[in-house]
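*Asks:* Pasting the sequence and the predicted model now:
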Amino acid sequence: AQSVTQPDIHITVSEGASLELRCNYSYGATPYLFWYVQSPGQGLQLLLKYFSGDTLVQGIKGFEAEFKRSQSSFNLRKPSVHWSDAAEYFCAVGILTGGGNKLTFGTGTQLKVEL
Amino acid sequence: GAGVSQSPSNKVTEKGKDVELRCDPISGHTALYWYRQSLGQGLEFLIYFQGNSAPDKSGLPSDRFSAERTGGSVSTLTIQRTQQEDSAVYLCASSPTRAGAVYSPLHFGNGTRLTVT
């Protein structure tokens, strides 16, 4: 069965600093990988996704993620964090189920941004 | 346009009571998912509906949990004889899945926060 590990429960960065959130996955086939963000009182929003091709994917809000098969990782990065980026971030791996996609999520990383 | 709507947004119930949580997906979305978000546990898949196919119930944690989707639209998640460990945020998502499509984006609702006292 597939699984996702986000080793950092909480991360604090200063506004303007760079950010990297770690994600490791376990899946027997080519994974479909996702990063979602959940802001306080908001639903989950898709930041970016990886299916195939270029291993560096760009997302919304200036985020990017790099797929490294050798490390089974899909880390999320942002060069300069804004205070509005404070939220909880979830990495997920997807499998196809009869045309749909069922996601397995990590436990999330809570990001705090210091001004 | 309207997104995925869940009601109620908050529900407090006493242990042992039954609760029903409702999800209105985006119009035209054929796939519907329920997830549970517990503190420190991330999001846990519960059940998946796709069109008229039999639902994937592999994530339901016990037989106290059930869900149905009427007319391919609105879904209700029912928890019978609630326990304190059922306290969580229950999220619904829908997707415009098309036959043969590799992937369709999930659109999440804001969830129902269930507290069992």
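*Replies:* Received, thanks.
*Asks:* gap between the stretch of helix or strand A:Phe34 belongs to and the chain center?
*Replies:* Using DSSP states H and E, A:Phe34 falls within strand A:32-38. The chain centre lies 5 Å from the centre of strand A:32-38; the measure is CA atoms, centre = their mean, to the nearest Å.
*Asks:* For burial, what's the neighbour tally of A:Ser3?
*Replies:* 12 (other CB atoms under 10 Å in any protein chain shown). C-beta coordinates here come from the backbone N, C-alpha and C atoms, glycine included.
*Asks:* let me redo that: B:Thr82
*Replies:* Neighbour tally, B:Thr82, other CB under 10 Å: 21.
*Asks:* ok, so what distance separates it from A:Ser84?
*Replies:* Distance of B:Thr82 to A:Ser84, computed by CB to CB, to the nearest Å: 36 Å.
*Asks:* what does B:Arg113 give?
*Replies:* Per CB to CB, B:Arg113 is found 23 Å from A:Ser84.
*Asks:* out of those two, which sits in the busier spot?
*Replies:* Neighbours per residue (other CB under 10 Å) separate B:Arg113 from A:Ser84, with B:Arg113 holding more: 15 against 10.
*Asks:* Once you drop chain neighbours, what's closest to the residue sitting nearest the centre point of chain A?
*Replies:* Centroid-nearest residue in chain A, with CA atoms, centre = their mean: A:Trp35, separated by 3.1 Å. Nearest-residue entry for A:Trp35: A:Leu47, 4.4 Å, with adjacent residues in sequence omitted and distances by CB to CB, 6 or more residues apart in numbering or on different chains.
*Asks:* interface residues of chain B facing chain A?
*Replies:* B:3-4, B:31, B:33, B:35, B:40-45, B:48, B:50, B:53, B:56, B:91, B:93, B:95, B:97-106, B:108-111 (CB under 8 Å from any CB of the partner chain).
*Asks:* For chain A, list the residues in contact with chain B, please.
*Replies:* A:6, A:9, A:32, A:41-46, A:49, A:51, A:90, A:92, A:94, A:96-108.
*Asks:* got the phi/psi numbers for the closest residue to B:Pro105 other than its chain neighbours?
*Replies:* Nearest non-adjacent residue to B:Pro105, counting by CB to CB, 6+ apart: A:Leu46, 6.1 Å away. Here is the backbone geometry of A:Leu46 (degrees, to the nearest 10): phi -70, psi 130.
*Asks:* Quick check, pLDDT for A:Leu46.
*Replies:* On pLDDT, A:Leu46 comes in at 92.
*Asks:* From the structure, what's the count of residues near it?
*Replies:* Counted with other CB under 10 Å, the neighbours of A:Leu46 add up to 16.
*Asks:* what bits of chain A have low per-residue confidence?
*Replies:* Applying pLDDT under 70 to chain A flags residues A:96-100.
*Asks:* Since that was my last question, I'll sign off now.
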